[in-house]
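generate coordinates for the sequence data below:
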Amino acid sequence: MNNKLSDWLASIPRWEAILLFFAFFILIFTLQRIAFHFMKKYADKTSNYWDNVFVDALRFPVIFFLISLAVALLPVLFKLSNQAEKFTVFSSKFFTVLGFALFVQKLLLFVLQLFLVKKDSLRTYTGITRVGISGLIYTFFILIFLDTAGISITPFIASLGVGSLAIALALQETLASFFAGFYLVADKPIRVGDYVRLESGEEGHVQSIGWRSVRLQQLSNSTIIIPNSKFASSIMTNYYFPKRELAVLVNVRVDYSSDLEKVETITTEVARDIMKAVPGGLPDFEPFIRYGAFGEAGIEFTVILRGREFVDQYLIRHEFIKKLHKRYEEEGIVIPSVLRMVPRNPRQ
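Sure thing, here's the model as predicted:
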């Protein structure tokens with residue numbers, strides 16, 4: 001049967017072969033459109049999301065599979081020279097490999113997009129990750145195509161190894177920051193909006209976590225740009241983790257002649273009023289004091305209040321000191337100051 005079909009195709013006139021080729025070409029593309037129309041309708045009816053992913057990923061690559069099939073028919077329909085026949089075989093393999101590469105690329109990018117919907121922090125890496133995935137896929141399939149076509153890929157692999165090493169050495173700092181950024185996103189020591197302070201003293205709200213650097217917006221509205229590699233290796237305090245609330249500590253000193261019970265009562269009353277009146281305070285929090293030391297000039301203690309987040313501590317501390325100073329004056333409680341003796345120069 002196959003021999004008879006081959007003999008018949010070889011015996012028909014060239015113009016009939018051309019018409020037959022284009023008729024076959026139109027037929028398979030028409031069938032492809034009809035098939036994908038019904039596949040799409042079926043996928044939309046099912047509750048399985050992966051049906052839609054598979055259909056969408058296959059829609060464009062299947063065109064290259066059909067082109068590969070059409071090119072493979074050319075030697076059957078036409079009498080071609082050996083050189084032309086080798087070229088059609090080469091082209092057919094090329095379109096087949098390209099179709100598979102596009103299918104795998106689209107499938108992986110759909111999976112990546114599905115993952116990024118749940119991970120807002122990774123959206124910074126969307127563009128460069130898509131480029132990286134596409135580059136790896138096409139490099140892999142190009143090597144497969146060259147091997148299938150009978151071209152030795154050993155020199156290419158060796159060149160890739162040497163080239164990759166050279167690029168890695170040239171971009172050492174950039175790559176270190178890039179992978180440190182992945183660590184920051186995966187480990188989640190910080191999130192956008194957190195208020196952090198580094199051991200070197202830089203502090204501010206995390207404005208963005210990029211593939212190369214972290215941006216901190218200071219309270220002065222200026223921005224600090226820190227490479228990811230330095231940020232990830234630094235000791236850091238995150239004032240928003242695990243909660244945004246934080247203790248506001250105020251150190252106070254009173255005279256040794258003070259009634260400490262009275263001092264504690266009055267100080268706690270003032271602190272309680274501040275918690276209720278000042279924006280950023282926690283009305284339900286019960287402030288307290290803890291005596292800590294017999295100081296050089298008086299008895300020292302710490303007042304513990306609480307704020308909703310890091311920046312609220314400044315207004316809470318500001319209002320508390322003003323009101324406590326006024327209340328101590330009314331109650332006759334003395335806040336002593338330290339007098340330091342400066343040695344006099346005997347020559348003066």
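
not counting stretch 255-271 itself, show me its contacts.
Outside stretch 255-271, the residues within contact range by Cβ atoms under 8 Å, 6 or more residues apart in numbering are 252, 254, 287-289, 291, 298-299, 301, 303, 305, 320, 323-324, 327-328, 331, 333-336. (C-beta placed from N, C-alpha, C; glycine too.)

cool, stretch 28-48 as well?
So stretch 28-48 is contacted by 51, 52, 54, 55, 59, 62, 63, 66, 69, 70 (Cβ under 8 Å, 6+ apart).

since we're on the spatially closest residue to residue 218 that is not a sequence neighbour, how many residues are nearby?
The shortest distance from residue 218 to any non-neighbouring residue, by Cβ to Cβ, 6 or more residues apart in numbering, is to residue 204 (4.2 Å). Residue 204: 21 surrounding residues under other Cβ atoms under 10 Å.

tell me which stretches of this protein form helices.
2-11, 14-45, 49-59, 61-77, 82-118, 126-148, 154-170, 172-187, 228-233, 260-277, 312-331 (DSSP state H).

for residue 193, give me its contacts.
With Cβ under 8 Å, 6+ apart, residue 193 has these contacts: 205, 206, 240.

now render the contacts of stretch 28-48 as TSV, adding distance to residue 272.
Below are those laid out as TSV (distance: Cβ to Cβ, whole Å):
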residue	distance to residue 272
51	62
52	59
54	63
55	65
59	67
62	73
63	74
66	79
69	82
70	84
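
derive a ChimeraX selection command for the buried subset of those residues.
Selection of buried members from those for ChimeraX, criterion 16 or more other Cβ atoms under 10 Å:
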select :51,54,55,59,62,66,70
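
now residue 244. Nearest residue, chain neighbours left out?
residue 309 (4.3 Å).

which residues of the chain score low on pLDDT?
1-18, 20-21, 49, 76-80, 115-129, 148-175, 178-179, 338-348 (pLDDT under 70).

pretty sure residue 130 is touching residue 109, no?
Yes: shown here, residue 130 and residue 109 form a contact pair, counting by Cβ atoms under 8 Å, at 6.0 Å.

distance of the residue nearest to residue 244 relative to residue 190?
The spacing between residue 309 and residue 190, counted by Cβ to Cβ, to the nearest Å, is 15 Å.

residue 310 too?
13 Å.

ok so, going back, so for residue 309 and residue 190, which residue has more residues nearby?
Neighbour totals were compared for residue 309 and residue 190, and residue 190 leads with 22 against 14 (other Cβ under 10 Å).

and that one, what does it touch?
184, 196, 206, 209, 214, 236, 238, 241.

tell me, how many residues neighbour the third one?
Other residues lying near residue 206 total 20 when counted by other Cβ under 10 Å.

identify the bridge partners of it.
residue 216 (DSSP bridges).

and it, how close does it get to residue 191?
With Cβ to Cβ as the criterion, residue 206 and residue 191 are 7 Å apart.

then residue 260?
43 Å.

so which of these two has more stuff around it?
residue 191 (16 against 13).

domain assignment for this protein?
2-169, 189-238, 246-331 (automatic domain parsing).

how about residue 337, nearest residue that isn't a chain neighbour?
residue 297 (6.7 Å).

what about the one you found, how many residues close to it?
Residue 297 has 14 nearby residues by other Cβ under 10 Å.

and residue 242, by the same measure?
6.

next, it: phi, psi?
phi -80, psi -20 (degrees, to the nearest 10).

for the helices of the chain, which one sits closest to residue 247?
Checking those against residue 247 by Cβ to Cβ gives helix 312-331 as the closest, at 8.7 Å.

what's the angle between that closest one and helix 260-277?
Orientation note: helix 312-331 sits at an angle of 140 degrees relative to helix 260-277 (axes from the mean of the first three to the mean of the last three Cα atoms, to 10 degrees).

and helix 312-331, what does it pack onto?
strand 246-254, helix 260-277, strand 299-307 (3 or more Cβ pairs under 8 Å, 6 or more residues apart in numbering; DSSP states H and E).

any idea which of those is most buried?
strand 299-307 (a mean of 19; mean count of other Cβ atoms under 10 Å).

who are the packing partners of that strand?
By 3+ Cβ pairs under 8 Å, 6+ apart, strand 299-307 packs against strand 246-254, helix 260-277, strand 288-294, helix 312-331.

what's the local residue count around residue 43?
Residue 43 has 18 neighbours, counted by other Cβ under 10 Å.

and the gap between it and residue 53?
Distance from residue 43 to residue 53, counting by Cβ to Cβ: 9 Å.

next: residue 38.
Residue 38 is 17 Å from residue 53, by Cβ to Cβ.

in terms of neighbours, single out the busier of the two.
Shown here are residue 38 and residue 53; by other Cβ under 10 Å, residue 53 has more neighbours (17 against 9).

contacting residues for that one?
107, 110, 111, 114.

closest one of those to residue 140?
Using Cβ to Cβ, the contacts of residue 53 come closest to residue 140 at residue 107, 14.0 Å.

that closest one contacts residue 55, correct?
No: the pair residue 107 and residue 55 fails to qualify as a contact (Cβ under 8 Å) at a distance of 11.0 Å.

dump the contacts of residue 193 into TSV; add distance to residue 225 as well.
Shown next, in TSV, are those (distance: Cβ to Cβ, whole Å):
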residue	distance to residue 225
205	14
206	12
240	20
